[in-house]
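Q: Make a model of this:
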Amino acid sequence: MNRRNFLRNSSLISLGVLATQFPAWSRSIFAWEQPIHNIEADKAIDPQWLASLYERGEKIKYFKSKNELKYIGMPIGGLHTGTVYIGGDGRLWLWQIYNESYDGMKEGVEPKIVLWNNGKEQVRIRPRDGSAYIEPAIADNLRILEQGFAISVYYKGKQLIKELRENHWDEIVFEPSYPTCTVTYSSADFPVDVKLTAYSPFIPLDIENSSLPMTTLHVEVVNKTDQPLDVLISGWLENGVHKNRKDFSSVRKVSVSKDLIDGKALFFECQQVPEKDLIASDYGSMAISCQHSDAIAVAQIKEWPINPADLISEAGSSNIGFNELQVGSLTVKRKIPAATKVKISYAISWHFNNVHPKLKERIKDAQNGYWYGTKFSNAYHVLEYYNQERNKLDENTLLWADTWNDSTLPYWFLDRTFVNIGTLATANTYRFATGRFWGWEGIGACAGTCTHVWQYGQAMGRIFPELERNLREITDLDIAFKPETGAIIFRAEYESRPAIDGQAGVVLRFYRDHQMSRDNVFLKRNWANLKKAIQFIIDQDKNGDGMTDTPMENTLDAVWEGEISWIVGLCLAAVQAGGAMATEIGDRSFAKLCYDYVKKGSVNMDKELFNGDYYIHRPNTESGRKNLGSYNTCHIDQVYGQAWTFQLGMPRINDQKQTLAALRALWKYNFTMDVGPYIKTHLNGRPYALSGEGGMVMNTNPKNEAKAYGENETWQLGYFHECMSGFEHQVAAHMMAEGMVEESLVLTRVIHDRYHAAKRNPFNEIECSDHYARAMASYGTFVNACGYAYHGPNKYLAFAPKVLPEKFKSPFTTAEAWGSYEQIQQNTEQTSQLSVAYGNLQLQKLSIGKVRNEPVQKDRLKAVLNNKPLKLSRVEDASGTLTVTFQKELQLNKGDLLQISWS
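A: Numbering: from 1, shown residues only. Below is the predicted model:
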């Protein structure tokens, strides 16, 4: 079952379809389906709250004392290795590592149906409809494996023990900064405080070391007293192999202690497994390690709950019946001097290499398991690798976390714009043994790495560009590609049709992925098929006016007819990107074809599809408004194509004044600080924003036209009345780029507040199921806040900060490097500097936004690399921007500092 069916089989189905079942509704359908527009023009935003959005503020923290821990589930494993959450109290939960997710069978993090009052009646909400938004998963309900830590202290003649869990401590504070987090524990009656730091190796640009099926947990114990303390630090894990089975009477659970370099591990597996069950999705292995050679291994804790004596009664192996509980522990003894601390490091790994059988049926690449299965034969070997490389893995992970947070941007903004890349570390994505990347739209829902959903995401292309290139090359331009037409099937093996917005999105993403490459090899290798894909877009303009008009599937799961502003603009942006790539490849005739098409289409779009207030959908001349469409209503994606030009550093495709008018119309007609009144009168939308929460509605009818969405009301109409965060992030990013900084921050913040830990999981933005891929559009807002542009093959980098540019600092990524950009403007002097923290950056040209738009005197311009002057071959001082070209190409390595200054 795909996303199109979310309403057909639920109580959220459109009233038109339900008329035969509910005759009373059919008589009043107009009143319910097209009520009066009721979003307030005056947003009544508190000026103090608004001002606070610009402030650096404090790091995000959630507190036990405020009841903010129970919903927290931060993905803490490697990319594409399942979903393992760390909860608010530091314990791991969910353990969605057993390859169970599948469309229509097991969707989301907690497959369940909940009831919701939509303003008229109680309706049933499935996982793909937002059940986790109404009733978020609670960590304590989904702890399917025993895992945890305990601290035992001998103090004042007594042996005291506390587990790292919520009910054992006076206060627990969860401080996230994805991909890392810290959890602190304190109690007045306990002589030590504890800090747990957790992460899986996560290194931008390094997908191999960021895709390990494991997590690390580092326990720091602080002696609060004035005397030395004898302390035991213990970590444990349950053997979770074949966790879904109950009938394995002949199977044995086995736990064995193994040595590591400077450490010790417990390896868990099942033995005597029937041959037919060796391919079961929950067959595999698990392991826990302690990175200290004096750790005491207990292969099976005898007493449960734990006691200190049992934790130090070393037992190197355990072989028990399948139905018995097998939990092994690793314990370290330490004497901690007064007012000092110790840190003990652990790691947990899993290895379940049998792909869901339904995926194997449809996907050739899924036959032989996952990519990590080609690297490691079991969970112990994962920990062996980590133990050998952990200094580098830990150092670079923490270096990225420090680099990301070493910014002048608000902590809340950094959190919300980056957190959705955690989707890659859930069961929403896989990397098969062949190397192919693949994803759902949301966990277990809507297969095929859908082009019209995944094209919104900006995070993966900037943080792990190799994955995007993988998707372009292996799937979009090969498996899903139709060479005879250039069409790209939007769900690959799971579909037979292209989607026009998805097609355009593939081309746009290809240009971004080319820009995030070191050279043009990727472009050259794929140009033949890419050119056909671009030509396919041009061919969909049947009347030759430069505006796509062929009816075709789109992301709102319907075939719309006519000339639709968001489709037209998206296609124009894609063809413009095609022209740029054709120019680079040396295909001048095709480049001219593309640019001529864009020139004509842009003029006509601005002239024909702008109503003086916003961009619209012009009906098909033959069918008119017979079928579903946005027509004269205000649609959230109306200038989405123009938004893409900022992500790619391309020229505009839409008039700036008209674009700003359209964005202001979205703010006026679609944005509200409280969606409650709107969703109570505009029914059938899924609940992704509730009463009392702010958001931007997908589509509104500000002119109160009768039958504004066409004559044929269908189930897809429900989409128009929702707040879907991926679309909202796209608009916020565009607003930021166009200088509507205040509106962008407000829109991003209300999404952030919708996902506050007191209400639901902050790490799970929901659309059609959990950890929805479109939400990775949030990173685009960060990109535009920095005014970032990059072209690796051209060795070009640019910054023009939008948020408090007088004193600005932010992280950046390139094809092979990442680091920090900083600028300070004082009086007439501006200094900008680029520091590399990781990798190598090739740079020939650097563009900097000028805080003061005044001409720069060349004799007062300085360029310095590591305190050594640089020669410039060219200086371009355009309006608001200074661009310098270095006489010699720069090779910036870790630790290098480039400075540009003028006065």
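
Q: lowest confidence element among the helices and strands of the chain?
A: helix 23-27 (a mean of 27; mean pLDDT, DSSP states H and E).

Q: Low-confidence stretches in the stretch 1-150 of the chain?
A: Applying pLDDT under 70 to the stretch 1-150 of the chain flags residues 1-34.

Q: Who are the packing partners of the host helix or strand of S234?
A: If you go by DSSP states H and E, S234 is part of strand 229-238. Using 3 or more C-beta pairs under 8 Å, 6 or more residues apart in numbering; DSSP states H and E, the elements in contact with strand 229-238 are strand 147-155, strand 214-223, strand 285-290, helix 308-311, strand 327-336, strand 341-351. The C-beta positions use only the backbone N, C-alpha and C, and glycine is treated the same way.

Q: how far is the helix or strand just after the fourth one from where the chain is centred?
A: Proceeding N to C from helix 308-311, the next assigned helix or strand is strand 317-321, under DSSP H and E. Averaging C-alpha positions (C-alpha atoms, centre = their mean, to the nearest Å) puts strand 317-321 41 Å from its chain's average.

Q: quick one, strand 317-321 and strand 327-336 angle?
A: Here strand 317-321 points in a direction 150 degrees away from that of strand 327-336 (axes from the mean of the first three to the mean of the last three C-alpha atoms, to 10 degrees).

Q: Flag every buried residue along strand 317-321.
A: Buried positions in strand 317-321, judged by neighbour count with 16 or more other C-beta atoms under 10 Å: S318.

Q: Which strands or helices does it pack on?
A: strand 252-260.

Q: angle of the strand it packs on against strand 229-238?
A: Using the same axes, to 10 degrees, strand 252-260 lies at 130 degrees relative to strand 229-238.

Q: Low-confidence ranges, the chain, go.
A: In the chain (pLDDT under 70), the answer is 1-34.

Q: mind redoing it with 90?
A: For the chain, applying pLDDT under 90 flags the ranges 1-35, 118-121, 246-247, 249, 302-314, 712-715, 717, 827, 853, 879.

Q: Using the record's assignment, carve it into domains.
A: In the assignment given by automatic domain parsing, the structural domains of the chain cover 3-42+413-785, 69-91+143-389, 789-902.

Q: about what we covered before: which stretch among the helices and strands packed on strand 229-238 approaches P702 most closely?
A: Nearest to P702, of all these, is strand 214-223, at 48.7 Å by C-beta to C-beta.

Q: quick one: the strands in the stretch 1-150 of the chain?
A: 62-63, 74-75, 83-86, 92-96, 114-117, 122-125, 147-155 (DSSP state E, counting those that start in this stretch).

Q: circling back to that earlier point, nearest approach to N118 belongs to which of the domains of the chain?
A: Among the domains of the chain, domain 3-42+413-785 sits nearest to N118 (C-beta to C-beta), with 5.7 Å.

Q: Next up, the contacts around the residue nearest to P111 when sequence neighbours are not counted.
A: With C-beta to C-beta, 6 or more residues apart in numbering as the criterion, P111 has its nearest non-adjacent residue at 5.4 Å, and that residue is P127. By C-beta atoms under 8 Å, 6 or more residues apart in numbering, the contact list for P127 reads 107-108, 110-112, 444-445, 769-770.

Q: Export the domains of the chain as CSV, with columns for distance to E121.
A: Shown next, in CSV, are those (distance: least, C-beta to C-beta, whole Å):
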stretch, distance to E121
domain 3-42+413-785, 8
domain 69-91+143-389, 27
domain 789-902, 44
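
Q: Highest mean neighbour count out of the ones you listed?
A: domain 3-42+413-785 (a mean of 22; mean count of other C-beta atoms under 10 Å).

Q: so G373 sits in a helix?
A: Yes. Note on G373: a helix contains this position according to DSSP: H, G, I helix; E, B strand; the rest coil.

Q: For K341, see how far away it is.
A: With distances taken as C-beta to C-beta, to the nearest Å, G373 is found 39 Å from K341.

Q: now do H771
A: H771 is 35 Å from K341, by C-beta to C-beta.

Q: Would you tell me what helix or strand G579 is located in?
A: helix 565-585.

Q: Alpha carbons of that helix, as PDB, please.
A: The C-alpha trace of helix 565-585 is given here as PDB (Å, rounded to 0.1, in the frame of the first residue of the first chain):
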ATOM      1  CA  SER A 565       3.100  27.500 -11.100                       C
ATOM      2  CA  TRP A 566       5.000  25.200  -8.800                       C
ATOM      3  CA  ILE A 567       5.400  22.600 -11.600                       C
ATOM      4  CA  VAL A 568       6.300  25.100 -14.200                       C
ATOM      5  CA  GLY A 569       8.800  26.800 -12.000                       C
ATOM      6  CA  LEU A 570      10.400  23.600 -10.800                       C
ATOM      7  CA  CYS A 571      10.800  22.500 -14.400                       C
ATOM      8  CA  LEU A 572      12.300  25.800 -15.400                       C
ATOM      9  CA  ALA A 573      14.800  25.600 -12.600                       C
ATOM     10  CA  ALA A 574      15.700  22.000 -13.700                       C
ATOM     11  CA  VAL A 575      16.200  23.000 -17.300                       C
ATOM     12  CA  GLN A 576      18.300  26.000 -16.200                       C
ATOM     13  CA  ALA A 577      20.400  23.600 -14.200                       C
ATOM     14  CA  GLY A 578      20.600  21.400 -17.300                       C
ATOM     15  CA  GLY A 579      21.800  24.300 -19.300                       C
ATOM     16  CA  ALA A 580      24.600  25.000 -16.800                       C
ATOM     17  CA  MET A 581      25.700  21.400 -16.900                       C
ATOM     18  CA  ALA A 582      25.600  21.300 -20.700                       C
ATOM     19  CA  THR A 583      27.800  24.400 -20.700                       C
ATOM     20  CA  GLU A 584      30.300  22.700 -18.400                       C
ATOM     21  CA  ILE A 585      30.300  19.500 -20.500                       C
END
